[in-house]
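1. Okay, sequence plus prediction incoming.
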Amino acid sequence: MSPILELHGLTCTYGSLTAVDHVDLTVRPGERHALIGPNGAGKSTLFAAVAGTLPASDGRVMFAGRDVTALPEPERARRGLVRTYQHSSLFLDCSVLDNVALAVQRRHRVAYRFDRPARRFRRTGAEALRHLDAVGLAGRAEEKAAALSHGERRQLEVAMVLATGPGLVMFDEPTAGMSAAETERFVTLMGDLPDDLTVLIVEHDLDVVFRLAGHVTVLHLGRVLASGPPERIRADEAVQRAYLGSARTEDVFIDAGESP
Amino acid sequence: MRAGPTRTGTSRDDAPVPPPAKSGIGEAGDRPVSRRAVLLAAAATVLPAAAPLLLGPYPVSTLTRMLAFAVLVLSVDLLTGVTGLPTLGQAAYFGAGAYTAVLVGVHVTADAAVQVLAGLLAGLAAAVVTGWVAVRARGIVFLMLTLAIGESVHQISDTWSALGGSNGLSGMPPISLFGGPSLLAAGFVYWWVLAVAIAVYAAVALVARSPYGRTLRGIRDNEPRMRALGYRTAAARYGVFCLAGAVAGVGGALWAAQARFVSPGDLSFEVAALALLSVVIGGKGSLWGPCLGAALVLLVRDNLSASLGGHGPLLLGLVFIAVVFLMPRGLAGVLGARRRRGSGGPP
C-alpha cells in the first residue's frame, strides 16, 4: 500500500535552533502511528509543519501522493490532513454544538449560507450531535464551550477534528490533563475509529501509546531515533536511554548525534 | 460555611440525571421567558409604530434619524460584534448610500424604494472595491485600514464638485412610495424608515443565526482554528465586509430620505466613531442592544447637547467610560441578563 503521509528530510529552524532536523517518516493508510520523545524533541513543531501552521525550512511533505509542502493550512485540511492542539483550541464563546457544527458545515458546503437559520440545516445539526455523542458530550450541546472542564474540552477537540471527515488526524497529546476515566474513553474511541482513518499521535502516556499504536517513532532532539513496531521500540536500548531516562544526559547527546 | 457545600451537593445531584431534570427545568424556565419575549417584541413593534400618532413632527423626525443611524450601527455590529472586526470605516458606505439616494432623488425618481435599493447597491459596490484591502488585516491594523478608507471617502466627498464639495447636495424632493403622492408629513417618512429598518434588522438577525453567522463567530473566537478546520477565513471576512457595506448603504439612503440633504459631515470620522460607540454601549454581538445604543448616542448628540451648553461629547465620553467599567457587555448585557442562555448566538 502506498503511504498516505511521507516526510522527506523535513526541517524546521527557529533562528539558529533546529527543532526538526531532516526527519524522514512514512505513515501507511489506516495505521495507528505514535510519535514519542522527551520534551523538546520537536514533536509539536513537526506537527505544525505537517499541518501547515508553520512553514517548513527544508524538505517535503507528501500527503496522499501529492506534494503539499507549498499549500497553506486550510487547503491541507480540506484534503483531509487535520490536527488537534496540545492546548485545547476551541471557540469558547460559541455553544458546544456550534464548535462541532463548524467542522461539519464546511464539509457539507453550507458554511456560507445565510438564507435560513442554522438550526434548519438538520443534516448538519444531526451529524454534529452524533460526533458529540461519540465523545459523551451530547448532553451539553447547548452550553458554551467555555463552561466545559479541561477534560471535556479535550474531548470536544477530538469530536471537532473527527467531524471534519479527515483522512489523517494528528493528535497532539490528546490525553494530557484527562482523568483516568476520560483517558479510558478516549482509548475506546480510538479503537472504534474506522479502519481507513489514519492516526498520527503524540502522546506522553506510554501505556496509551503501547495500547493504541501499531507503529512507534521516537524523536529525539529533532531527529528520528528509532521507528518500528511497539515491541521493538520497547526493547530498543537507545530509546530506553534517551526517552525513559536511564542514562546520564551526556550519553544521550552523544548517542543522538551518532545514531541516525 | 455550611450553605456552600450543601448547595454544590444538590446541584451535583441534579447533574447525573440530566435528560429529565434538565429538560424539565429548561421548559419551566423557557416558557415565561419566551412569553415575555413575545410581549416585549409586540411592545417594541407597536410603540414605535404608534409614535407619529402621539408625538409632534420634531420628535418624530428625531426618531427617524435614530432609526437610520441604527441601521448603520447594525452594519458596524455585524463586523465588530459578530465577526470581531472593530471598524471605523462604515460611515464611508453610509455616505455612499446617502449620496446615491440624494442623487437618485434629484435626478431620477422620488420613489423611496428605488432610492433604498440604489443606496444598498452603492454601499455594496463601495465595500466590494475597498474591502479586499481591509480584510487583509485584523485587529488594530484592520481598524486603521478602515479609518483610512473612511477618511479617504470623506475627503473625496469634501472636494469633488460633482457631489457639491463641502456644501453637500441639497434640493432633494420629498420621497414618494410606489408612484403615490409625495410624503410630506414626518409621520409617513418615519413609517417608511421604520419598515425598512425592521426588514434590515430581520435580515441581519437571519445572517447572525445562519451557518454563515456561525462561521463568522468562529472567526471572532479563534481564527487560526478555523483555518485548521479548512476554512478560507479571508474570503469569509470579505463576504461579511461586503454585506455590512450594503447594510450601511441602506442606512445612508434612509438618512437621506429624512434629511433630503447630504453633506461630507454625514460620513465624517465622528459618525463612524459614534456608530462604534453605539455598538460598545449597546453590547457587541447583540443586535437590539446596539440599536438602543444608537438611539441613546444620537439623543445625547443632537438633543441633549444643546441643553448641556454644547457639552454633549463630554457626556458621551463619560457614558462610554461608565459602560466600559460598569457594563462590559453593554445595555444588552444588563437588560438581557435573564434572557440570555448558553447558546453563543445573539438573542
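-> Arrived safely, thanks for sending. Note that the coordinates shown come from a computational prediction; the quantities given were computed from them, not determined experimentally.
2. pull the helix or strand with minimum mean pLDDT from chain B.
-> helix B:3-14 (a mean of 38; mean pLDDT, DSSP states H and E).
3. if you go through the stretch 151-260 of chain A in chain order, where are the strands?
-> For the stretch 151-260 of chain A, the strands defined by DSSP state E, counting those that start in this stretch occupy A:168-172, A:198-202, A:215-220, A:223-228.
4. Of all these, which one is nearest residue B:149?
-> strand A:168-172 (39.7 Å; C-beta to C-beta). In short, each C-beta sits where N, CA and C put it, glycine included.
5. which secondary structure elements does the closest one contact?
-> helix A:43-51, strand A:81-83, helix A:150-162, strand A:198-202 (3 or more C-beta pairs under 8 Å, 6 or more residues apart in numbering or on different chains; DSSP states H and E).
6. and whichever helix or strand comes after the shortest one, average pLDDT?
-> Following strand A:81-83 in sequence order, the next helix or strand is helix A:96-107 (DSSP states H and E). Helix A:96-107 carries an average pLDDT of 93.
7. Likewise for stretch B:320-335?
-> Computed over stretch B:320-335, the average pLDDT equals 78.
8. Give me the buried stretch members for that stretch, please.
-> B:323, B:327, B:329, B:330, B:331, B:332, B:333, B:335 (16 or more other C-beta atoms under 10 Å in any protein chain shown).
9. do it and chain A meet at all?
-> No: counting by C-beta under 8 Å from any C-beta of the partner chain, chain A has no neighbours in stretch B:320-335; the shortest distance is 11.4 Å.
10. contact partners of that stretch?
-> If you take C-beta atoms under 8 Å, 6 or more residues apart in numbering or on different chains as the criterion, stretch B:320-335 is touched by B:277, B:279-286, B:288-290, B:292-293, B:296, B:347.
11. Among these, which one lies nearest to residue A:89?
-> For the contacts of stretch B:320-335, the nearest to residue A:89 is residue B:285 (20.8 Å; C-beta to C-beta).
12. thinking again about what came up before, need the winner for burial among the helices and strands packed on strand A:168-172.
-> strand A:81-83 (a mean of 26; mean count of other C-beta atoms under 10 Å in any protein chain shown).
13. and it, what does it pack onto?
-> Contact partners of strand A:81-83 among helices and strands, from 3+ C-beta pairs under 8 Å, 6+ apart: helix A:43-51, strand A:168-172.
14. and with 10 Å instead?
-> Here strand A:81-83 touches helix A:43-51, helix A:73-78, helix A:150-162, strand A:168-172, strand A:198-202, going by 3 or more C-beta pairs under 10 Å, 6 or more residues apart in numbering or on different chains; DSSP states H and E.
15. average pLDDT for the third one?
-> Predicted confidence along helix A:150-162 averages 89 (mean pLDDT).
16. Taking helix A:96-107 as reference, get the angle to it.
-> 20 degrees (axes from the mean of the first three to the mean of the last three C-alpha atoms, to 10 degrees).
17. what about helix A:150-162, distance to the chain center?
-> Remark: helix A:150-162 is offset 12 Å from the chain centroid, using C-alpha atoms, centre = their mean, to the nearest Å.
18. ok, and does that helix reach over to chain B?
-> Yes: on the criterion C-beta under 10 Å from any C-beta of the partner chain, helix A:150-162 is in touch with chain B at A:157, A:160, A:161.
19. Show me the shaky parts of chain B.
-> B:1-33, B:336-347 (pLDDT under 70).
20. Nearest residue to the middle of it?
-> residue B:74 (1.6 Å; C-alpha atoms, centre = their mean).
21. Might you report the residue contacts of it?
-> Going by C-beta atoms under 10 Å, 6 or more residues apart in numbering or on different chains, residue B:74 touches B:81, B:90, B:197, B:200-201, B:203-205, B:244, B:247-248, B:250-251, B:275, B:278-279, B:287-288, B:290-291, B:294.
22. With residue A:138 instead?
-> Contacts of residue A:138 by C-beta under 10 Å, 6+ apart are A:96, A:97, A:128, A:129, A:130, A:131, A:132, A:159, B:18.
23. Out of these, who's the most crowded?
-> The residue in the contacts of residue A:138 with the most neighbours, by other C-beta atoms under 10 Å in any protein chain shown, is residue A:96 (31 neighbours).
24. is it true that it touches residue A:157?
-> No: under the criterion of C-beta atoms under 10 Å, residue A:96 makes no contact with residue A:157, lying 11.4 Å away.
25. Would you mind listing the residues touching both of these two?
-> Common neighbours of residue A:96 and residue A:157 (C-beta under 10 Å, 6+ apart) are A:90, A:145.
26. In three-state terms, label the closest residue to chain B within the stretch 101-250 of chain A for me.
-> Chain B sits closest to residue A:114 of the stretch 101-250 of chain A, with a gap of 3.8 Å, by C-beta to the nearest C-beta. Under DSSP: H, G, I helix; E, B strand; the rest coil, the three-state class of residue A:114 is coil.
27. So what's the residue count around it?
-> Residue A:114: 23 neighbours (other C-beta under 10 Å).
28. Could you pull up the residues touching it?
-> The neighbourhood of residue A:114, defined by C-beta under 10 Å, 6+ apart, consists of B:203-204, B:206-216, B:239-240, B:243.
29. So for it, what's the pLDDT?
-> 90.
30. Next up, phi/psi of it, please.
-> The phi/psi pair for residue A:114 (degrees, to the nearest 10) reads phi -140, psi 30.
31. Now residue 60: which helix or strand?
-> Because you didn't say which chain, this covers chain A. Counting by DSSP H and E, residue A:60 is found in strand A:58-63.
32. I was thinking of chain B, sorry if that wasn't clear
-> Assigned by DSSP H and E, residue B:60 falls in helix B:57-77.
33. pull the CA atoms of that helix into PDB?
-> C-alpha atoms of helix B:57-77 as PDB (Å, rounded to 0.1, in the frame of the first residue of the first chain):
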ATOM      1  CA  PRO B  57     -43.200  66.400  14.000                       C
ATOM      2  CA  TYR B  58     -39.900  67.300  15.500                       C
ATOM      3  CA  PRO B  59     -39.600  64.300  17.900                       C
ATOM      4  CA  VAL B  60     -40.800  62.100  15.000                       C
ATOM      5  CA  SER B  61     -38.100  63.300  12.700                       C
ATOM      6  CA  THR B  62     -35.600  62.700  15.600                       C
ATOM      7  CA  LEU B  63     -36.800  59.100  15.800                       C
ATOM      8  CA  THR B  64     -36.500  58.700  12.100                       C
ATOM      9  CA  ARG B  65     -32.800  59.800  12.200                       C
ATOM     10  CA  MET B  66     -32.300  57.400  15.100                       C
ATOM     11  CA  LEU B  67     -33.700  54.500  13.000                       C
ATOM     12  CA  ALA B  68     -31.500  55.400  10.000                       C
ATOM     13  CA  PHE B  69     -28.500  55.600  12.300                       C
ATOM     14  CA  ALA B  70     -29.400  52.300  14.000                       C
ATOM     15  CA  VAL B  71     -29.200  50.600  10.500                       C
ATOM     16  CA  LEU B  72     -25.600  52.000  10.200                       C
ATOM     17  CA  VAL B  73     -24.900  50.700  13.700                       C
ATOM     18  CA  LEU B  74     -26.200  47.300  12.800                       C
ATOM     19  CA  SER B  75     -23.700  47.100  10.000                       C
ATOM     20  CA  VAL B  76     -20.900  48.000  12.500                       C
ATOM     21  CA  ASP B  77     -22.200  45.300  14.800                       C
END
